[in-house]
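Enquirer: no sequence on this one, just coordinates:
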């Protein structure tokens, strides 16, 4: 392989080496310690137990106000005077404001930018100004300029009622604000993201909201607001930035637990840089000598750089040749499809803070998912980093782009783009601010009210109906589970993760394949035959539906014997005419009984051990929507027919599991599905009851 450089190319390469193109600032604090000099504290602010405490504890003290600042020790180059270029920046911090149960508290804190060297004004003695301006300049701070995002917990005469988040410019009266359900009496930890886009001049704030739902239930959501401003009009080139807070007679602890920040400023002028071979006629001899020395030095540097470049090309030529065939063939295929676009690796690395742990949303069987921000579109994205180390990871990546790029449905996660560069496989999706369904059902940190749960079940059913019957081909998902169901800002269900999905014709039946999916959600016949089809997807849907109603995982090895398997347990209660005893205790009595009965019975119907007795997804949708009567199910859970599997189990390719190991789940699922003892031979049993779906009687007589 040969590498060629023209003289002009070498000239520009040298220019790139000796002239810095951008100024960037990036840091990440997971904890704060007294001996870390990267954070400067002012007045009452101090590090305490790994966090920043912005104000003093005023309880049982004679003082009636406390003010403090914590700033990054180095200033930020906000914009460049020569080029007029303005920086982009993104910051994320977690914090709490804790009134320790008191319902009256104040005053709040702000993330701010102010002229470099700015300090708390000497005559600021009250908490209401949050340490940003003096007492007499709250509404027109001519002496102390600032731009701030305030988290205000006390309503002054110029504030809206209640806790709120707002954008302030040289005034404590916010230019734009939104109500904040803050959960301050409980001191709940909160997250905030602030992004400034230099092209659109847009400042966007996203933060955690804790909205009360009644009956001591709180819903955790993401709230946002934005404001357009040109920071060059209000602040100088270099600025101080960080946190400032205040507290008055109504006190609350204000703590910052973590903080990361990234900025990038292009220093090149708009007209660029001109290389010239001419010189002024009156240049002195010393200038000529300097020019000669400079050219020789530059030439030496250039030769060294070229040698390094050639060596790097030589070392990586084999890898690149291998990648070319792989990447080139995929690129040609993917670009034929409309919709998702090709992203550059550098673009996705930049918007995810180089795939930092701080931005990780979760990890699946084939890689991690990271939150990112696209400044060009002023939107958040989720980037899935698929592992390329395994053949299965590559298959998932290809399958996802091939299938999802062609699907369009309001209850499917939208694939925005893809990237395979630098031996990385990346998938770009729309960002789902409320995360995955399993987090809300199982984590204990959030709670879904009944109307949202029923809406989620109906939305998931609608998505599956589209995949199975309404699109041009039948899509068998093969990995339907609560962690693959995402929730948008309005808690609409969106089915995602099509890495294991397969396309089949509508008139074809089962597809024999390597066993894939997640134990606990896989139909019994999948474990014994390796066949995936619409019926196995319906089974997984039934398990998720039962999770939504019962608030528990499909297999719980630590539970009593009759409660280990969710299908066994709920079916047992159904036979005793006590199916509502399976309802999630967190719901208490706050649910519609008729809707709950429909949900749980449809869940059992779909999770019927005999695949011939399961409904189509269309039938399940009709019952969930009260367009068809409830089916009559056998009082005792039927036993399916099994083929021999003890000696020839298909190869397992399990995408992920919950806390229980795959082996434990597989054994529990098989044993509880057959309701009998396994042997070294085969298990052959027949269903003990016929199927029925035509009557409206809820319980069999």
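Expert: Right, received. Where do you want to start? Keep in mind the model is a prediction, meaning the values are calculated, not measured. Residues are numbered from 1 along each chain as shown.
Enquirer: contacts and neighbour counts: CA atoms only from here.
Expert: Noted.
Enquirer: Could you count how many residues lie near residue 196?
Expert: When neighbours are counted by other Cα atoms under 10 Å, residue 196 registers 26.
Enquirer: ok so it is a strand residue?
Expert: Yes. The assignment for residue 196 by DSSP: H, G, I helix; E, B strand; the rest coil puts it in a strand.
Enquirer: Would you agree it is in contact with residue 78?
Expert: No. Here residue 196 lies out of contact with residue 78, judged by Cα atoms under 8 Å, at a distance of 10.9 Å.
Enquirer: Need the contact partners of the helix or strand that contains residue 544.
Expert: Element membership of residue 544, judged by DSSP states H and E, is helix 534-550. Outside of helix 534-550, the residues that reach it under the criterion Cα atoms under 8 Å, 6 or more residues apart in numbering are 441, 453, 457, 461, 468, 476-482, 521-523, 526, 553-554, 566-567, 582-585, 596, 599-600, 602-608, 611, 614-617.
Enquirer: which among the residues you listed end up buried?
Expert: 441, 453, 457, 461, 468, 476-482, 521-523, 526, 553-554, 566-567, 582-584, 596, 599-600, 602-608, 611, 614-617 (16 or more other Cα atoms under 10 Å).
Enquirer: Among those, which lie within helices?
Expert: In this view, the buried ones among the contacts of helix 534-550 that belong to helices under DSSP state H are 441, 453, 457, 461, 526, 566-567, 596, 599-600, 602-606, 617.
Enquirer: Looking at the residues you listed, which one is closest to residue 418?
Expert: In terms of Cα to Cα, no member of those lies closer to residue 418 than residue 461, at 27.4 Å.
Enquirer: what ranges do the strands span in the stretch 451-600 of the chain?
Expert: 474-476, 485-487, 493-495, 502-504, 511-512, 515-517, 531-532 (DSSP state E, counting those that start in this stretch).
Enquirer: how many neighbours does the closest residue to residue 422 other than its chain neighbours have?
Expert: Leaving out its chain neighbours, the residue that sits closest to residue 422 by Cα to Cα, 6 or more residues apart in numbering is residue 345, at 7.4 Å. Residue 345: 18 surrounding residues under other Cα under 10 Å.
Enquirer: How about residue 343?
Expert: Residues lying near residue 343 (other Cα under 10 Å) number 17.
Enquirer: And the one 5 residues further on, by the same measure?
Expert: Using other Cα under 10 Å, residue 348 is surrounded by 24 other residues.
Enquirer: in whichever helix or strand it is part of, what's buried?
Expert: Following DSSP H and E, the helix or strand that holds residue 348 is helix 345-351. Counting neighbours by 16+ other Cα under 10 Å, one finds that the buried residues in helix 345-351 are 345, 348, 351.
Enquirer: starting at the chain centroid, how far to that helix?
Expert: Here the centre of mass of C-alpha atoms in helix 345-351, compared against the chain's by Cα atoms, centre = their mean, to the nearest Å, lies 16 Å away.
Enquirer: same deal with stretch 576-590?
Expert: With Cα atoms, centre = their mean as the basis, stretch 576-590 stands 32 Å off its chain's centre.
Enquirer: Quick one: mean pLDDT over it.
Expert: Averaged across stretch 576-590, pLDDT comes to 93.
Enquirer: So the nearest residue to residue 173 once chain neighbours are set aside, which state does it fall into?
Expert: Computed as Cα to Cα, 6+ apart, the closest residue to residue 173 that is not its neighbour in sequence is residue 158, at 5.8 Å. Here residue 158 is recorded as coil under three-state DSSP.
Enquirer: Model confidence at residue 158, what's the number?
Expert: Residue 158 is assigned a predicted lDDT (pLDDT) of 72.
Enquirer: That one against residue 171, yeah?
Expert: No. Residue 158 sits out of contact with residue 171 when judged by Cα under 8 Å, with a separation of 10.2 Å.
Enquirer: which one of these two has more residues nearby?
Expert: A direct count of neighbours by other Cα under 10 Å for residue 158 and residue 171 places residue 171 higher, at 22 against 11.
Enquirer: wait, what's in contact with that one?
Expert: For residue 171, the contact set (Cα under 8 Å, 6+ apart) comprises 137, 138, 139, 140, 141.
Enquirer: okay if I get those residues as JSON lines plus distance to residue 380, neighbour count and secondary structure?
Expert: Rendered in JSON lines, the data for these read as follows (distance: Cα to Cα, whole Å; neighbours: other Cα atoms under 10 Å; DSSP: H, G, I helix; E, B strand; the rest coil):
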{"residue": "137", "distance to residue 380": "37", "neighbour count": "17", "secondary structure": "helix"}
{"residue": "138", "distance to residue 380": "34", "neighbour count": "18", "secondary structure": "coil"}
{"residue": "139", "distance to residue 380": "33", "neighbour count": "18", "secondary structure": "coil"}
{"residue": "140", "distance to residue 380": "34", "neighbour count": "16", "secondary structure": "coil"}
{"residue": "141", "distance to residue 380": "34", "neighbour count": "18", "secondary structure": "coil"}
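Enquirer: Nearest to residue 115 among these?
Expert: Taking Cα to Cα as the measure, residue 115 sits nearest to residue 141 out of the contacts of residue 171, at 13.0 Å.
Enquirer: ok, the closest one - contacts?
Expert: With contact taken as Cα under 8 Å, 6+ apart, residue 141 is in contact with 133, 134, 170, 171.
Enquirer: hmm, 7 Å instead?
Expert: 133, 170, 171 (Cα atoms under 7 Å, 6 or more residues apart in numbering).
Enquirer: Could you do residue 427 as well?
Expert: When contacts are taken as Cα under 7 Å, 6+ apart, residue 427 is in contact with 383, 384, 385, 417, 418, 419.
Enquirer: If I look at the closest residue to the first one other than its chain neighbours, what pLDDT would I see?
Expert: The one in question is residue 383. Using Cα to Cα, 6+ apart and skipping residues adjacent in sequence, the residue nearest residue 383 is residue 428, 4.6 Å away. Model confidence at residue 428, given as pLDDT, is 93.
Enquirer: I'd assumed residue 420 was in a strand, is it?
Expert: Yes. Read with three-state DSSP, residue 420 is one of the residues of a strand.
Enquirer: burial count for it?
Expert: Summarising burial for residue 420: neighbours were counted as other Cα under 10 Å, giving 22.
Enquirer: How about the one 5 residues further on?
Expert: A total of 21 residues lie near residue 425 under the criterion other Cα under 10 Å.
Enquirer: just residue 152 next, same as before
Expert: 27.
Enquirer: just to revisit the earlier point, quickly list what the residue nearest to residue 383 is bridged to.
Expert: Residue 428 has these beta-bridge partners by DSSP bridges: residue 383, residue 417.
Enquirer: wait, it sits on residue 384?
Expert: Yes. Using Cα atoms under 7 Å as the test, residue 428 is close enough to residue 384 to be in contact (6.4 Å).
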